[in-house]
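Predicted model and sequence follow; I will ask about them next.
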Amino acid sequence: MASAINILNASTLEDERLEGISQAVGQVFGLRTSVTPAQLNLDRAFDASRGQYNSTALLAQLLQASGGMDEKRIAVVSVDLFIPVLTFVFGEAQLNGIAAVVSFHRLANPFYGMAPDDSSTWKRLEKEIVHELGHTFGLYHCHQFECVMRSSTYVEEIDLKLGSLCTDCQRKLAGIR
Ligand SMILES: [Zn+2]
Ligand SMILES: [Zn+2]
């Protein structure tokens, strides 16, 4: 059973930016959530042939980092993430584990040639953090339209869902914890 959540800032974002998100994340899971700077060796996860960063390699680094096993840890990065079978991923998590990683590289409008809209970027980041943490708590993808555990391939799909768990997922989470 997890006693706390730590959001590890390995991105170009200010910690203060993630503090606001951490409050919302803490409310979803009912756990104390803090933000701390992270030292990830991004170079070691870089794949030169793809020009992207292997998210699974970053998860491995997170697992090696010190910290209690009762604390979920999610790293936020700015770099573009991938797993070998996919073009990209917004994030990756250990199902029923302690580690997750999320990138906001593809969450901001300018990546898609659209006008910047910071509030939508932060909302998307919040949802993806909650989503990946949900996996670490043992939650699978959910088919409820508005549930944060619904899988998203495009930012438009992230925008359509809420930042919270549906009642089914809440019930599962309560059973798991
Ligand atoms: Zn997922
Ligand atoms: Zn759900």
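Nice, I can see it. Ligands and ions are numbered 1, 2, ... in the order given.

all strands of this protein, in order?
For the chain, the strands defined by DSSP state E occupy 4-10, 32-37, 46-47, 52-54, 71-77, 81-82, 91-93, 99-103.

mind checking which of these is nearest ligand 2?
strand 91-93 (15.4 Å; C-beta to the ion). C-beta: built from backbone N, CA, C; applies to glycine.

all helices of this structure, in order?
Counting by DSSP state H, residue ranges of the helices within the chain are 15-29, 42-45, 55-64, 118-136, 155-160, 167-176.

Just send these back as CSV, with mean neighbour count and distance to Ser3 too.
CSV is the format used below for the helices of the chain (neighbours: other C-beta atoms under 10 Å; distance: least, C-beta to C-beta, whole Å):
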stretch, mean neighbour count, distance to Ser3
helix 15-29, 17, 11
helix 42-45, 14, 28
helix 55-64, 18, 18
helix 118-136, 21, 13
helix 155-160, 14, 29
helix 167-176, 14, 14
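
Let me have the strands of the chain in CSV, adding mean pLDDT and distance to Tyr154 as columns.
Output for the strands of the chain, formatted as CSV (pLDDT from 0 to 100; distance: least, C-beta to C-beta, whole Å):
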stretch, mean pLDDT, distance to Tyr154
strand 4-10, 96, 24
strand 32-37, 95, 27
strand 46-47, 98, 23
strand 52-54, 98, 18
strand 71-77, 96, 20
strand 81-82, 98, 16
strand 91-93, 97, 14
strand 99-103, 97, 15
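
Would you format these as JSON lines with mean neighbour count and distance to Ala65 included?
Shown next, in JSON lines, are the strands of the chain (neighbours: other C-beta under 10 Å; distance: least, C-beta to C-beta, whole Å):
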{"stretch": "strand 4-10", "mean neighbour count": "21", "distance to Ala65": "8"}
{"stretch": "strand 32-37", "mean neighbour count": "16", "distance to Ala65": "11"}
{"stretch": "strand 46-47", "mean neighbour count": "13", "distance to Ala65": "19"}
{"stretch": "strand 52-54", "mean neighbour count": "21", "distance to Ala65": "17"}
{"stretch": "strand 71-77", "mean neighbour count": "24", "distance to Ala65": "7"}
{"stretch": "strand 81-82", "mean neighbour count": "22", "distance to Ala65": "18"}
{"stretch": "strand 91-93", "mean neighbour count": "23", "distance to Ala65": "16"}
{"stretch": "strand 99-103", "mean neighbour count": "28", "distance to Ala65": "9"}
